[in-house]
Structure formats: structure tokens, C-alpha cells
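Q: fold the following, please.
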Amino acid sequence: MWAFARNYVNQRLGDCNLVHSTNRPYGENLAKGSGEFTGRAAVELWVREKPFYDYASNSCVGGEWALHAGGVA
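A: Residues are numbered from 1 along each chain as shown. Prediction:
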């Protein structure tokens, strides 16, 4: 997993675009912020999606985007 993650980082170093990896064997949550944006802040964004995520169907509810919530269950 670390080698896969490192390869992704190396691909994004030049542009910092949030682009999901291709042919990825792992789940992947992406987040971007400005200023002092920490890993903790990213996880907090994903956790706030939980009310809009249905674990039984692995889908969003209430018209909200919430697929990151499944990765932080």
C-alpha cells in the first residue's frame, strides 16, 4: 500500500490536482484545503458526511455527496 501511495504522490507533485488513481486496488478519499489544512481536518470533512451515507446500500442519501463516509466508518 505504501508503494502505491508513494507512486500517487510522485505523480501529483507537479500539479497537486485531486485526481483519483487509475486501477487502484484500495479505497481512496481525497481532500484539499488552504492554509493550515491537516490530515485531521480532512478526516473531519469526511466524518461530517456520515448522516448522508447509507452503509447498507453503499450510497448517498438526502441529495448529498457522502461516499467518503464509507472510508472512515
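
Q: pLDDT weak spots in the protein?
A: 73 (pLDDT under 70).

Q: would you mind splitting it into its domains for me?
A: Recorded structural domains for the chain (assignment: automatic domain parsing) are 1-30, 38-73.

Q: can you put the ones you listed in a markdown table and add mean neighbour count?
A: No exception for glycine: its C-beta is placed from N, CA and C like everyone else's. A markdown table is the format used below for the domains of the chain (neighbours: other Cβ atoms under 10 Å):
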| stretch | mean neighbour count |
| --- | --- |
| domain 1-30 | 10 |
| domain 38-73 | 13 |
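
Q: what ranges do the strands span in the chain?
A: For the chain, strands defined by DSSP state E occupy the ranges 53-54, 59-60.

Q: okay, those strands in a markdown table with distance to Ala31 next?
A: Formatted as a markdown table, those follow (distance: least, Cβ to Cβ, whole Å):
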| stretch | distance to Ala31 |
| --- | --- |
| strand 53-54 | 16 |
| strand 59-60 | 17 |
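
Q: residue boundaries of the helices in the chain?
A: Along the chain, counting by DSSP state H, helices occupy 2-12, 39-47.

Q: these: which one's closest to Cys60?
A: Comparing the helices of the chain against Cys60 with Cβ to Cβ, the closest turns out to be helix 39-47 (12.9 Å).

Q: and the contacts of that closest one?
A: Here helix 39-47 makes contact (Cβ atoms under 8 Å, 6 or more residues apart in numbering) with 29, 31, 33, 68-69, 71-72.

Q: dump these to a markdown table, plus distance to Cys16.
A: Shown next, in a markdown table, are the contacts of helix 39-47 (distance: Cβ to Cβ, whole Å):
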| residue | distance to Cys16 |
| --- | --- |
| Asn29 | 16 |
| Ala31 | 12 |
| Gly33 | 12 |
| His68 | 19 |
| Ala69 | 24 |
| Gly71 | 21 |
| Val72 | 22 |
